[in-house]
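**Q** Sequence first, predicted model second:
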Amino acid sequence: MPFVMHILPVSIALAVFTVLPSHAGETAWQEVAPGVSVRMISSGQVKPDGTTLIGLEIDMPEDTKTYWRVPGETGLPMDLDFSGSSGVSGHKIVWPYPVRDQKGAFLDYVYYGPTILPIELNLDDPRGQAVVSATLGICSDICIPAQARFDLALNEASADRPNGLRLRQALAEAPIAWSDGPQPLGEVDFLPDQQAIGVWINDPDIDLDSLIATTESGSPLFGAPQKSPQQDLVLLPILEKTENSALEGQDVQLTFMTGMGAFELRRTIGADDE
C-alpha cells in the first residue's frame, strides 16, 4: 500500500501564540503539537562583523520528524519571518546534513527527534531584537504545519556559553564547501534516456549512498543514488517530469558525507568543470 501523508487543514493545525519574552540566551518553550515543543536559543553575543548565531530548537520524540531545506515529495517547507525584528538585516539557516526518508514510493529529507537548526543573523544594530514567526512541518502519525512566535534579545551582557556550545555542535553537522585538495566529484551529466543525472566520482572513499543533489529551487527532486554499469559513475534519478532544456546548464548542489564529515560543492549539469 503506498504511503499517504495525512495533513490537517491549516485552520485546525495552526495554533496562534503570543510573542513570549526571552530569558538570557533562550525563549520559553512553546508546545506546537502533542509531545513537540520549540524555542529559540542564542549565543548571546554579536561578533565584530555584525553577525550573531541563534537557533531553532525542536524537542520531539525519536519517531517524529521535521524537514530539511528541500523537504522532498511530501514534506512541508520551513518558513521563518523576521519582519517584526529590530536591527536584523538578514538571516540564513545553516542546515545540518539530513536523513533520507523513504516511505513507500515517496522520498523526503528530514530530521528525527531533538534537533537544533542554527541561524546566522546579520545585524545593522548590535542591540537588535529578533521577533520571529516560524512555520514548520511536524510529522508523526499525521503531519501539521506548526506555528510559533518568538521574541529574543541578541546581545546580552555576557555570552550564553551552554547554548553557544550547543549551537556550535549543530553547526559542525552542517555541510561545508569543499575547497582544498583534489575535487572528489567530477562532471554532472544529464542522461535523458535514463531520466537521471550522472555524477562522476573521483574519490572512491566518498560514501556514495550519502550523495544528495539539489537545485536552488528544489525542483526537480532527485532520488537516492544508484549504481551505474559505468565505473565511477553514479546515477540520481529525476523524480519529476522535466524537459531537457530545463536541466542542461542548470547548477546543482551536491551534498555528501566523508570520513571528515559533510561537504558540498556545486556543478553545472552538462558542463565541463574547470
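**A** Sure thing, it's come through. These figures come from a predicted structure and were not determined experimentally. Residues are numbered from 1 along each chain as shown.
**Q** Report whether A170 is found in a helix, as I expect.
**A** Yes: looking at A170 with DSSP: H, G, I helix; E, B strand; the rest coil, it is inside a helix.
**Q** Verify the stated contact: it with E120.
**A** No: contact criterion Cβ atoms under 8 Å: A170 and E120 do not qualify, at 11.7 Å. C-beta coordinates here come from the backbone N, C-alpha and C atoms, glycine included.
**Q** Show me whatever sits in contact with both of those two.
**A** With contacts taken as Cβ atoms under 8 Å, 6 or more residues apart in numbering, A170 and E120 have V94 as neighbours in common.
**Q** more crowded one of those two?
**A** A170 (21 against 17; other Cβ atoms under 10 Å).
**Q** which residues does the residue nearest to that one when sequence neighbours are not counted form a beta bridge with?
**A** Leaving aside its sequence neighbours, A170 sits nearest to I116 (Cβ to Cβ, 6 or more residues apart in numbering; 4.1 Å). With DSSP bridges as the criterion, I116 is bridged to E57.
**Q** next one: the one 5 residues further on
**A** Going by DSSP bridges, L121 is paired in beta bridges with T52, H91.
**Q** Show the contacting residues for it.
**A** 51-54, 82, 88, 90-91, 128, 130, 154.
**Q** Please produce JSON lines containing these, extended by neighbour count, pLDDT and distance to S140.
**A** Shown next, in JSON lines, are the contacts of L121 (neighbours: other Cβ atoms under 10 Å; pLDDT from 0 to 100; distance: Cβ to Cβ, whole Å):
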{"residue": "T51", "neighbour count": "13", "pLDDT": "94", "distance to S140": "35"}
{"residue": "T52", "neighbour count": "22", "pLDDT": "94", "distance to S140": "33"}
{"residue": "L53", "neighbour count": "23", "pLDDT": "94", "distance to S140": "29"}
{"residue": "I54", "neighbour count": "27", "pLDDT": "96", "distance to S140": "26"}
{"residue": "F82", "neighbour count": "18", "pLDDT": "97", "distance to S140": "28"}
{"residue": "V88", "neighbour count": "22", "pLDDT": "96", "distance to S140": "32"}
{"residue": "G90", "neighbour count": "11", "pLDDT": "96", "distance to S140": "33"}
{"residue": "H91", "neighbour count": "16", "pLDDT": "97", "distance to S140": "28"}
{"residue": "G128", "neighbour count": "22", "pLDDT": "87", "distance to S140": "35"}
{"residue": "A130", "neighbour count": "26", "pLDDT": "95", "distance to S140": "29"}
{"residue": "L154", "neighbour count": "25", "pLDDT": "88", "distance to S140": "33"}
